[in-house]
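Novice: any chance you can model this:
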Amino acid sequence: MRPRKPTLDDVARLARVSKSAASRILRTRPGERSPYDPNTRERVRRASQTLGYVPSRLAQGLTHARTGIIGLTIPSIEDSFFPAVTAVIENRLAERGFNLILADTGGRTEIERKKVEDMLAWRVDGLIAAPCQESSDPAFFWELWLKKIPFVLIDRTFPGTPFASVTTDDRPGAAAVIDHMIARGCRRIARAGGPLSVDTNRLREEGFRESLARHGLAFDPLLALDVPQTASFDGGRQAAAKLFALDEPPDGIFCFSDRIAAGVIEECLTRGVRIPEDVAVAGYADLDYSGLLRVPLTTVRQSKRLLGTTAADMLLKLLEEGPAAGSRTVLPVELILRESTAGKKPAAEPGTRGRS
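Specialist: Numbering: from 1, shown residues only. Modelled structure (predicted):
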């Protein structure tokens, strides 16, 4: 026969307080004010530890309208960018007494909707979501907004919406890559990335084109290839194969993600294309393995720690102060130079076309 689990009544009796006082003390999070004196709070905590009492999060939520649980959705747990951000978010929320439920949406909008609906059924207090890139339609998040469910979007957002979000400065980040490639002698620069209906891709495309125009270089549609997010490494290989099949192949390739860039590098090396002597390659994100590729990758670093802590803090503020506390935060990025571009020779005439 299983031993009986200790109850809140047991804790209250041992601590010599009422059941309601024991409940309130145990659900007070670190840093929150309490009407009970320190000795009473300590007696309750010691009684709980002595008995091995574990409060039911779900029962607390049903009683007090808070479960202490936050939901997080990401498009891929295999992408080393999001697991790193997840760890930061989880640690930040734990400092305030919250637990995290994680869901991998696989980059599919219908899975995203189902996962979020499941989380809401478990009465999560709020949500942090990295929206899928499969669709640019914010209808589902409008539904959450109208239901007054606290949520924060990370890594991408939807233009023209009031949603709280934390993103990085994609337009100047992309422009910095192209400025660097041009300074190193590239004149025919391609780009490989996801659909421009997605905010992050659109901003990186804008930065790409702005830099070309600023240096007097024309945009060539033949050098602009879309790569599905769900097949980004293989898509990078396929994009490189198409680009080197052109009569006039590129001497630089800017990829909207490091995973795409890794595929491009692999295809180049398979074909005997030298990096960066024949073609410079750059990515975006600075994933953990980006400096360990067969040719270490020049990329734009998005601070995973800053992104995670900012998103967690923003959601906590929403929970405490309501929807008016939401905001749109754009974090700075940093160009990280490595061997995949560093060997190109500076051009003698920045405004001319052709290889240096």
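
Novice: look up how far residue 338 lies from residue 300.
Specialist: Using CB to CB, to the nearest Å, we find residue 300 at a distance of 12 Å from residue 338. From N, CA and C alone the C-beta is placed, and that goes for glycine too.

Novice: neighbour count: these two, which is higher?
Specialist: Taking residue 300 and residue 338 together and counting by other CB atoms under 10 Å, residue 300 has the greater number of neighbours (26 against 19).

Novice: not counting its neighbours along the chain, what's nearest the more buried one?
Specialist: Distance criterion CB to CB, 6 or more residues apart in numbering; nearest residue to residue 300, sequence neighbours excluded, is residue 173 at 4.3 Å.

Novice: surely the one you found touches residue 331?
Specialist: No. Between residue 173 and residue 331 there is no contact under CB atoms under 8 Å: 10.3 Å.

Novice: what do those two both touch?
Specialist: Contact criterion CB atoms under 8 Å, 6 or more residues apart in numbering; residues bridging residue 173 and residue 331 by contacting each: residue 302.

Novice: give me the more crowded residue out of those two.
Specialist: When neighbours are counted by other CB under 10 Å, residue 173 and residue 331 differ, and residue 173 comes out ahead with 22 against 13.

Novice: ok, the more buried one - contacts?
Specialist: Listed by CB under 8 Å, 6+ apart, the contact partners of residue 173 are 204, 207, 284, 300, 302, 333, 335.

Novice: show me the helices in this structure, by range?
Specialist: Listed in chain order, the helices of the chain (DSSP state H) span 8-15, 19-26, 38-51, 57-64, 81-95, 109-121, 139-146, 170-183, 199-214, 232-244, 258-271, 304-321, 339-342.

Novice: export those as a markdown table, with columns for mean pLDDT and distance to residue 193.
Specialist: As requested, these are exported to a markdown table (pLDDT from 0 to 100; distance: least, CB to CB, whole Å):
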| stretch | mean pLDDT | distance to residue 193 |
| --- | --- | --- |
| helix 8-15 | 90 | 54 |
| helix 19-26 | 84 | 50 |
| helix 38-51 | 89 | 53 |
| helix 57-64 | 50 | 41 |
| helix 81-95 | 93 | 15 |
| helix 109-121 | 91 | 19 |
| helix 139-146 | 92 | 23 |
| helix 170-183 | 97 | 9 |
| helix 199-214 | 96 | 5 |
| helix 232-244 | 94 | 9 |
| helix 258-271 | 96 | 7 |
| helix 304-321 | 94 | 20 |
| helix 339-342 | 95 | 17 |
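
Novice: hey, which of these is tucked in deepest?
Specialist: Across the helices of the chain, averaging neighbours per residue (mean count of other CB atoms under 10 Å) puts helix 258-271 on top, at a mean of 24.

Novice: hey, C-alpha coordinates of that helix in CSV?
Specialist: C-alpha atoms of helix 258-271 as CSV (Å, rounded to 0.1, in the frame of the first residue of the first chain):
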residue,chain,number,x,y,z
ASP,A,258,23.9,29.9,-40.5
ARG,A,259,22.2,26.6,-41.3
ILE,A,260,21.8,27.7,-44.9
ALA,A,261,25.4,28.9,-44.9
ALA,A,262,26.6,25.6,-43.7
GLY,A,263,24.9,23.9,-46.6
VAL,A,264,26.4,26.4,-49.0
ILE,A,265,29.9,25.8,-47.7
GLU,A,266,29.5,22.0,-47.9
GLU,A,267,28.4,22.3,-51.6
CYS,A,268,31.2,24.6,-52.5
LEU,A,269,33.8,22.3,-51.0
THR,A,270,32.3,19.3,-52.7
ARG,A,271,32.6,21.2,-56.0
